[in-house]
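Engineer: for reference, the sequence and a predicted model appear below.
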Amino acid sequence: MSRIGNKPVVVPAGVEITVNGNLVTVKGPKGELQQEINENISVKVEDGQVVVERASNEREDRSQHGLVRTLINNMVIGVSEGYAKKLEINGVGYKVEKKGKVLVLNLGFSHPIEMEDPEGITTECPSATEIVVKGSDKALVGNYAANIRKWRKPEPYKGKGIKYEGEYIRRKEGKTGAK
């Protein structure tokens, strides 16, 4: 029994959901998202709520039940509130700046790294050591933040690199002097 799949998704005001076969479309103030779902899962919009039901108790249908409900919930939150990931840059000389739609990272390489914002994603730089990735699609926001972080993952000895806000970097002790 899926506990998550049985919960209805509450649709806030200003968000419109349409179901066309196995394609679910969610429109809201922050954009429009679409998701194709399994044909054994049925989605019904009833008086301000979305109800997800499965056709049978097969293993595949049970596993898809909670997933589809969570994907629809993420789309509803994305088009109404949006998602944001914050990244912090630590290291001497490491900095970031925004030039139009291009994010310019100086991370100790011989050249700056330029990353253009993908469609549906915006980045902000409140300071020279902070990046905020915003968008309506949770998966795209997380993927783009991971791609930025990939350039310099935090290292355990000095803690230099790009890390998520609130991420704990387990520090290691350096070499000890041999006599």
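Structural biologist: Ah, there it is.

Engineer: CA only for contacts and neighbour counts going forward, please
Structural biologist: OK.

Engineer: part of a helix, is Val68?
Structural biologist: Yes - remark: Val68 belongs to a helix, assigned using DSSP: H, G, I helix; E, B strand; the rest coil.

Engineer: what sits against it?
Structural biologist: Gly5, Ile37, Ile41, Val52 (Cα atoms under 8 Å, 6 or more residues apart in numbering).

Engineer: and the gap between the third one and Arg152?
Structural biologist: The span separating Ile41 from Arg152 equals 41 Å under the rule Cα to Cα, to the nearest Å.

Engineer: do the last one as well
Structural biologist: Here Val52 is placed at a distance of 41 Å from Arg152 (Cα to Cα).

Engineer: higher neighbour count, the two?
Structural biologist: Using other Cα atoms under 10 Å, the more surrounded residue of Val52 and Arg152 is Val52, with 22 against 16.

Engineer: these two touch, right, that one and Asn40?
Structural biologist: No - Val52 is beyond contact range of Asn40, at 10.7 Å (criterion: Cα atoms under 8 Å).

Engineer: contact partners for Thr129?
Structural biologist: Counted by Cα under 8 Å, 6+ apart, Thr129 has contacts Glu88, Ile89, Asn90, Tyr94, Lys95, Val96.
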